[in-house]
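In: generate coordinates for the sequence data below:
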Amino acid sequence: MKAQRSIHVVGTGTIGEPLIGLLVHAQQALEVDEITFHKHSPRLEDRAKIRSLVRRGAKLAVEPQSRAAFEKLGLQPAYEASEALEQATVVIDCTSDGLGNAHKEAYQALDRARGFIAQGSEFGFGKMYAHGINDAALVPGEDRFLQVVSCNTHNIAAVLYTLGLAHEAPDNLLEGRFLCLRRSSDISQCDAFLPAPEVGKHHDPQFGTHHARDAWHLFGTLGLDLNLYSSAIKLNTQYMHSLWFNLRVKRPVTLEEVIAKLEVNPAVALTEKTLASTIFSFGRDHGYFGRLLNQTVVSVPTLAVHGGHEITGFCFTPQDGNSLLSSVAAVAWFLDPDGYAQDLQFAQPYLFDEV
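Out: Next up is the predicted model:
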């Protein structure tokens with residue numbers, strides 16, 4: 001008899017909630033028997049989203065001491081949290097910053113699970129991963145812990161790979177410089193909104209901010225040592241992140257070649273738009289529950305090539321859509337390392353060539 005395959009998501013926040021929904025949507029394609037999720041705190045304001053996730057097919061898991069409080073809210077848990085965790089084939093930790101690493105020791109004791117996935121804030125949790133960038137670096141049976149890089153690092157990686165590395169000699173990319181213009185808080189968040197732009201500090205002497213550092217580690221899994229540096233600023237908007245990039249390349253390139261490179265990458269969307277709100281609106285109207293799953297949306301009018309060796313422009317980060325797709329891709333890889341690419345065909349309608 002075939003063993004049951006279960007995916008367990010820990011946390012229902014900005015990443016966890018849409019990821020649970022995406023996994024339910026992909027359940028048949030992934031040949032998964034059950035999607036479970038752990039909700040820690042029984043809060044009245046969260047009842048509607050929990051009901052919606054359960055109605056769509058996910059199963060609620062709670063701590064035993066919280067069961068009565070959830071039931072009082074009219075929510076009926078299917079499992080205790082430990083039960084859902086112990087029976088899981090793959091576990092995805094979507095808790096707040098630092099908690100994924102705190103949970104790692106407990107995960108290591110779970111023999112049944114094939115793999116564990118944490119999100120971008122959990123530096124050191126496992127091998128860094130972005131779908132379509134370093135899939136070749138994943139080793140079946142060896143890589144049991146993966147860290148899906150942040151949405152902005154996905155954006156940086158897509159630009160680096162597409163314009164500097166794809167179909168080029170390994171030494172073609174001479175340097176990459178980036179400015180992450182970050183939205184202050186997600187539209188789902190009730191706090192942390194800024195009254196004015198807030199510039200970021202360069203905490204890392206080699207890379208500036210963690211975005212370039214994480215991109216360096218990501219490409220390091222492929223044996224590459226890239227010259228990268230990033231800065232960041234938070235803006236008083238909730239729409240979406242944007243990114244300014246400047247790449248120096250060894251082989252001369254034209255603007256037409258740059259656009260052609262971007263056009264052939266299915267993870268890259270091009271746009272004639274220059275306003276974040278209009279791109280956000282497109283995602284709301286045409287994306288998966290309002291999300292674009294592309295790794296980046298590049299604004300064509302902003303692209304420029306200087307002296308044949310310097311590529312610059314602006315692009316937009318599709319909120320957390322890119323890291324959501326990489327999380328599902330990591331699940332698919334743990335379940336079927338040889339055929340997982342085929343299992344991701346369900347996402348094709350939400351990967352746009354143009355926005």
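In: residue 40 contacts residue 63, doesn't it?
Out: Yes - the criterion here is CB atoms under 8 Å, and residue 40 meets it with residue 63 at 7.0 Å. In short, each C-beta sits where N, CA and C put it, glycine included.
In: which one of those two has more residues nearby?
Out: Set side by side, residue 40 and residue 63 show more neighbours around residue 63, with 17 against 13, by other CB atoms under 10 Å.
In: show me the contacts for the nearest residue to residue 248 once chain neighbours are set aside.
Out: Leaving out its chain neighbours, the residue that sits closest to residue 248 by CB to CB, 6 or more residues apart in numbering is residue 174, at 4.2 Å. When contacts are counted by CB atoms under 8 Å, 6 or more residues apart in numbering, residue 174 is found next to 227, 248-250, 309.
In: next, residue 174: phi, psi?
Out: Here the main-chain torsion angles of residue 174 (degrees, to the nearest 10) amount to phi -90, psi -40.
In: quick one: residues in contact with the lowest-mean-pLDDT helix or strand in the chain.
Out: Ranked by mean pLDDT, DSSP states H and E, the helix or strand of the chain with the weakest confidence is helix 99-108, at a mean of 89. For helix 99-108, the external contacting residues (CB under 8 Å, 6+ apart) are 10, 91, 93, 95, 113, 116, 118-119, 121-125, 145.
In: inside strands: which ones of the residues you listed?
Out: Secondary structure assignment (DSSP state E) places 10, 91, 93, 116, 118, 145 from the contacts of helix 99-108 within strands.
In: and of those, the nearest to residue 211?
Out: Closest to residue 211 out of the ones in strands among the contacts of helix 99-108 is residue 118 (17.2 Å), distances taken as CB to CB.
In: I'd say the closest one and residue 149 touch.
Out: No - using CB under 8 Å, residue 118 is not in contact with residue 149, being 10.5 Å away.
In: residue 56: neighbour count?
Out: Neighbours of residue 56 (other CB under 10 Å): 13.
In: any idea how far residue 23 is from it?
Out: Using CB to CB, to the nearest Å, we find residue 56 at a distance of 10 Å from residue 23.
In: confirm that residue 37 sits in a strand.
Out: Yes - secondary structure of residue 37 (DSSP: H, G, I helix; E, B strand; the rest coil): part of a strand.
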